[in-house]
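Enquirer: Need a 3D model of the following:
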Amino acid sequence: MSATDKAKNKVDELAGKAKEKVGEATGDRETRDEGKGDQVKSNLKDAGEKVKDAFSE
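Expert: Residues are numbered from 1 along each chain as shown. I've put the predicted structure just below:
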């Protein structure tokens, strides 16, 4: 996995965590759930990159 992809996935994960916390603080379930979804998506992309790297070595 390239460092750029890894950094982008981490940024997406942190943005999702921030969105989740904002949703929790404001009582906005939709924003909270979007944040959780963003985190899951980031984690899946990261896992996919790891699998791809494992097969390319």
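
Enquirer: Which residue is the nearest non-sequential neighbour of K21?
Expert: Spatial nearest neighbour of K21, excluding adjacent residues (C-beta to C-beta, 6 or more residues apart in numbering): G35 at 7.3 Å. Every residue, glycine included, has its C-beta placed from N, CA and C.

Enquirer: In terms of helices and strands, where is that neighbour?
Expert: helix 29-56 (DSSP states H and E).

Enquirer: quick one: buried residues of that helix?
Expert: 31-32, 34-35, 38-39, 42, 45-46 (16 or more other C-beta atoms under 10 Å).

Enquirer: would you list the residues you listed in a markdown table and tack on distance to D5 and pLDDT?
Expert: Output for the buried residues of helix 29-56, formatted as a markdown table (distance: C-beta to C-beta, whole Å; pLDDT from 0 to 100):
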| residue | distance to D5 | pLDDT |
| --- | --- | --- |
| T31 | 26 | 97 |
| R32 | 27 | 97 |
| E34 | 22 | 97 |
| G35 | 21 | 97 |
| D38 | 16 | 95 |
| Q39 | 17 | 96 |
| S42 | 11 | 93 |
| K45 | 8 | 91 |
| D46 | 8 | 90 |
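
Enquirer: Put together JSON lines for those residues, with distance to K10 on each row.
Expert: What follows is those, written out as JSON lines (distance: C-beta to C-beta, whole Å):
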{"residue": "T31", "distance to K10": "21"}
{"residue": "R32", "distance to K10": "21"}
{"residue": "E34", "distance to K10": "18"}
{"residue": "G35", "distance to K10": "15"}
{"residue": "D38", "distance to K10": "12"}
{"residue": "Q39", "distance to K10": "11"}
{"residue": "S42", "distance to K10": "8"}
{"residue": "K45", "distance to K10": "11"}
{"residue": "D46", "distance to K10": "8"}
